[in-house]
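>>> Give me a 3D structure for the following:
(one chain, ligands or ions: 1)
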Amino acid sequence: MKRLDFTLAEASDADAIFDLVYLHPDPFLRAATLDDVKGWIANGACWIICDVDRSKVVGACNIKVPETTSHQSPEPAEFGGIFIDPAYRDRGVADALGVLALASYYWDNDPDSLYPIPVISHVHVDNDKPLKLLARLGFEFQEVIDVPADFPGFEHMPRDEKGQLRGKEFRFPPNLRVRLFREMAKLFSTEQQGDNVIHVVPALGMDATELERLAANLDTQLGR
Ligand SMILES: CC(C)(COP(=O)(O)OP(=O)(O)OC[C@H]1O[C@@H](n2cnc3c(N)ncnc32)[C@H](O)[C@@H]1OP(=O)(O)O)[C@@H](O)C(=O)NCCC(=O)NCCS
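Okay, the predicted model is just below:
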């Protein structure tokens, strides 16, 4: 049985995250540099899974929140870069990582508002791997989009016979935060998942009581 910690990444995790996810880029994952990873961590936007016994990072994801100005309405935040060490896949650990990242994002961004800045996610049209995971987390398919030819970080991705790079866009419905906050609260007291002993290390002051209050408050606002 393995013991896995789920937590917000710290500066000292940057090299391990880079080596796991970006050193040999997955054909369907946007490329990133070590400095990119350091920047996400500095912004509190990167979550990881650590195998405590072997003290290594075995999974990571991030939610990038675009800079906003008072003159324009905010762009959606982007859930992405989810990568699990192949030896740790198919155990449901990606689900727990996704719940932690999304709940942390919404905890930190307008948790009581019915209209928070939305979260979207993009998946290469040929990449089936994350589809069930995104569906389990609650993401809904919106549309297929074309990625512009010179978009940085996508150079290594496969293109179709016309040279186009296409991605499926998914959106997280804000009302699903009710379920998300309750799943997050449950995760705090979950000690085992599949064959793994798991531990969610609290970050950002998240706690189960306040998550339940937020869920109940949203329920009330939604007239449920
Ligand atoms: C995308 C990725 C993170 C998904 O991770 P994963 O652990 O393999 O997650 P999956 O959804 O594939 O597997 C979950 C499986 O675990 C099993 N499982 C066991 N316990 C589980 C639990 N408690 N909850 C959910 N699934 C559980 C299920 O059998 C499930 O299989 P199913 O989806 O066929 O029903 C992983 O495939 C990966 O790193 N891919 C490469 C990078 C990539 O493409 N990233 C996406 C870029 S957009």
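
>>> Kindly state the pLDDT recorded for residue 16?
Looking at residue 16, its pLDDT reads 97.

>>> tell me the contacts of the residue nearest to it when sequence neighbours are not counted?
Of all residues not flanking residue 16 in the chain, residue 57 sits nearest, at 4.1 Å (CB to CB, 6 or more residues apart in numbering). The C-beta positions use only the backbone N, C-alpha and C, and glycine is treated the same way. By CB atoms under 8 Å, 6 or more residues apart in numbering, the contact set of residue 57 is 13, 16-17, 20, 48-50.

>>> anything in the lowest-mean-pLDDT helix or strand in the chain near the ligand?
Least confident helix or strand, the chain: strand 192-193 with a mean of 87, by mean pLDDT, DSSP states H and E. Yes. Remark: strand 192-193 sits within contact range of the ligand at residue 193, by CB under 6 Å from any ligand atom.

>>> And that strand, what does it pack against?
Identification of packing neighbours for strand 192-193 by 3 or more CB pairs under 8 Å, 6 or more residues apart in numbering; DSSP states H and E yields no helix or strand.

>>> Name all residues that make contact with whichever residue of the chain sits closest to the ligand.
Nearest residue of the chain to the ligand (CB to the nearest ligand atom) works out as residue 92 at 2.2 Å. By CB under 8 Å, 6+ apart, the contact list for residue 92 reads 193-194.

>>> So what does it have for phi and psi?
phi 90, psi 0 (degrees, to the nearest 10).

>>> try residue 7
The phi/psi pair for residue 7 (degrees, to the nearest 10) is phi -160, psi 160.

>>> Which residue, other than its chain neighbours, is closest to it?
Spatial nearest neighbour of residue 7, chain neighbours left out: residue 201 (3.9 Å); criterion: CB to CB, 6+ apart.

>>> do residue 221 as well
residue 114 (5.6 Å).

>>> tell me the contacts of the one you found?
Shown in contact with residue 114 (CB under 8 Å, 6+ apart): 174, 218, 221-222.

>>> next SSE after the helix ranked longest in the chain?
Longest helix in the chain, counting residues (DSSP state H): helix 93-108. Sequence-wise, the next helix or strand downstream of helix 93-108 (DSSP states H and E) is strand 119-124.

>>> and that next one, what does it pack onto?
Judged by 3+ CB pairs under 8 Å, 6+ apart, the packing partners of strand 119-124 are strand 77-84, helix 93-108, helix 131-137, strand 166-172.

>>> What is the third one packed up against?
To tie it back to what came earlier, the one meant is helix 131-137. Short answer (3+ CB pairs under 8 Å, 6+ apart): helix 131-137 packs on helix 93-108, strand 119-124.

>>> quick one, the longest one and strand 119-124 angle?
Angle between the axes of helix 93-108 and strand 119-124 is 150 degrees (criterion: axes from the mean of the first three to the mean of the last three CA atoms, to 10 degrees).

>>> ok, now which ones touch the residue nearest to residue 66 when sequence neighbours are not counted?
Leaving out its chain neighbours, the residue that sits closest to residue 66 by CB to CB, 6+ apart is residue 75, at 4.2 Å. Each residue near residue 75 by CB under 8 Å, 6+ apart is listed here: 66, 68, 117.
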